[in-house]
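Asker: Structure, please.
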Amino acid sequence: MRFNDTLTNLVKQSLEVGATPALMGEPGIGKSSFVEDLAYSMGTKAFVLPCNQLADKADLTGARLVPTADGTSFHQIFYPHHVIQECIDYALAHKRERPILFLDEINRTTSDVTSGALTLVTLRKMGHVELPDNVRIVVAGNDKGNVTTLDEASLSRFAIFHVEPDATTMMSILGNDMNPWVSKVLTQHPNLIFQKSPPNAIVADGQSDDDDNDKVTLHELFDSGEEMNQLTTPRTIDNLSKWLNTSDRQELAQYLATPVQISGRDTTLLNEVIEAFTGDTMFTTQLVAAIAEDLASNTGGQQSNRVNVPKPNCYVSLKAAGTVTDLALEIEQLTEKEISGSLLYALKETDDNSRLIEQLAQAAKQIEPEHTRTLIEMVTTQQVDRQNLEAFLDISAPVVNAAKPVLSAFL
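Answerer: Down below sits the predicted model:
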């Protein structure tokens, strides 16, 4: 069931009849945000207790043995978790409201903590500390992965809603705060709001207890039962959206111009950065394409100036070469910087420079860093000759292969 008005109404109705809604779904899809919005729509507050942050049951119940008044024995006193106590205090001070105690990640913790949370749901008290009648409880958990399985008796205590994210709802909630590129992708491809990265073998250097020379996998370090691959979820999309809103267009263009390799894949630094937020998913692919297209068309309210592309002193001699042999001899005398600069200028010039570009590309070991920045400025502001750029991309040479992931986005 998607996070929308229908789900909101169903959860409200469940609370009104005394049931305890359980929102079960993948991590990071917006369960916490949904409950906070639900509380707001009910004119009250939500008190969020992340159960997965509790080490044991005592952190939840606050059970302590204290001496009796005469000092001859001990009795048990409960000091519930401060979030529970805050909810109780608020409920007593606002008796006409129905504040929500939200037990999040109820089954992504130890069985001891899960058991204590279930007791709170069933008995509505921790030892001698009772929940006020106007407190409502909502729980959330994950229905897949490394979780504490709830038995049938436990499940029967809840109204279980299997939930999934909804792109329209997320865009409505974030409104103008959502980055325009992110909004464009979700509008065109709403089904991409939740995706998992393909599995990869990831190994971290470390030491085990048995052998100092062993390597410890992230699987072993975190005991997650799954590889450490980032997800595309409303939570990760929101974080990415905030980062993009603070990013400079020129900086993004430079990231797009920087080739890198990820697990053997040729890609760009921009792709790597966005994968850090939303993983190696189709959402990331579509978003990078949207950013590249926007930078190439120079939209976004910024008027670009003419890019300064210096003309190397050797360029006239290169253009004057009558044959391929003469051209090759001229290029042999050039420095790496002269070759890189001449290639850059040949890409900008509106003449048919396909022969010159091919010879320079074959001779070049790399495009110099300062020339790379200028090149990306040229393509993002459409100040590169398209025919010459296409000729460059058709060449089989290392320098071309390194630049293709960046430049092909602008064709």
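Asker: And the nearest residue to Phe392 once chain neighbours are set aside, which helix or strand is it part of?
Answerer: Counting by Cβ to Cβ, 6 or more residues apart in numbering, Phe392 lies nearest to Ile357, which is 5.2 Å off, once chain neighbours are set aside. In this view, the C-beta of every residue, glycine as well, is placed from N, C-alpha and C. For Ile357, the host element (DSSP states H and E) is helix 354-363.
Asker: send the alpha carbons of that helix over as PDB?
Answerer: C-alpha atoms of helix 354-363 as PDB (Å, rounded to 0.1, in the frame of the first residue of the first chain):
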ATOM      1  CA  SER A 354      38.400  15.500 -38.400                       C
ATOM      2  CA  ARG A 355      41.800  14.600 -39.800                       C
ATOM      3  CA  LEU A 356      43.700  16.900 -37.400                       C
ATOM      4  CA  ILE A 357      41.600  15.700 -34.400                       C
ATOM      5  CA  GLU A 358      42.300  12.100 -35.200                       C
ATOM      6  CA  GLN A 359      46.000  12.600 -35.400                       C
ATOM      7  CA  LEU A 360      46.100  14.600 -32.200                       C
ATOM      8  CA  ALA A 361      43.900  12.100 -30.300                       C
ATOM      9  CA  GLN A 362      46.200   9.200 -31.300                       C
ATOM     10  CA  ALA A 363      49.200  11.200 -30.100                       C
END
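Asker: Next, the buried residues of that helix.
Answerer: Using 16 or more other Cβ atoms under 10 Å as the test for burial, helix 354-363 gives Ser354, Leu356, Ile357, Glu358, Gln359, Leu360, Ala361, Gln362, Ala363.
Asker: what packs against it?
Answerer: Applying 3 or more Cβ pairs under 8 Å, 6 or more residues apart in numbering; DSSP states H and E, one finds that helix 354-363 contacts helix 315-320, helix 324-332, helix 336-348, helix 386-393.
Asker: If you compare the directions of the helix or strand just after the last one and helix 386-393, what angle comes out?
Answerer: In other words, helix 386-393. As assigned by DSSP H and E, the chain's next helix or strand after helix 386-393 is helix 398-407. Using axes from the mean of the first three to the mean of the last three Cα atoms, to 10 degrees, the inter-axis angle of helix 398-407 relative to helix 386-393 is 130 degrees.
Asker: List the buried residues in the host helix or strand of Ala159.
Answerer: Using DSSP H and E, Ala159 sits within strand 158-162. For strand 158-162, a neighbour-count test (16+ other Cβ under 10 Å) marks Phe158, Ala159, Ile160, Phe161 as buried.
Asker: what's the first-to-last distance across stretch 390-406?
Answerer: 13 Å (Cα to Cα, to the nearest Å).
Asker: Which residues does that stretch contact?
Answerer: Applying Cβ atoms under 8 Å, 6 or more residues apart in numbering, the contact partners of stretch 390-406 are 256-259, 266-268, 271, 343, 347, 353-354, 357-358, 361-362, 364-367, 375-376, 407-408, 411.
Asker: Can you flag the buried ones in these?
Answerer: 256-259, 267-268, 271, 343, 347, 353-354, 357-358, 361-362, 364, 367, 375-376, 407.
Asker: can I assume Ala140 sits in a helix?
Answerer: No. Ala140 sits outside any helix when classified using DSSP: H, G, I helix; E, B strand; the rest coil, being strand.
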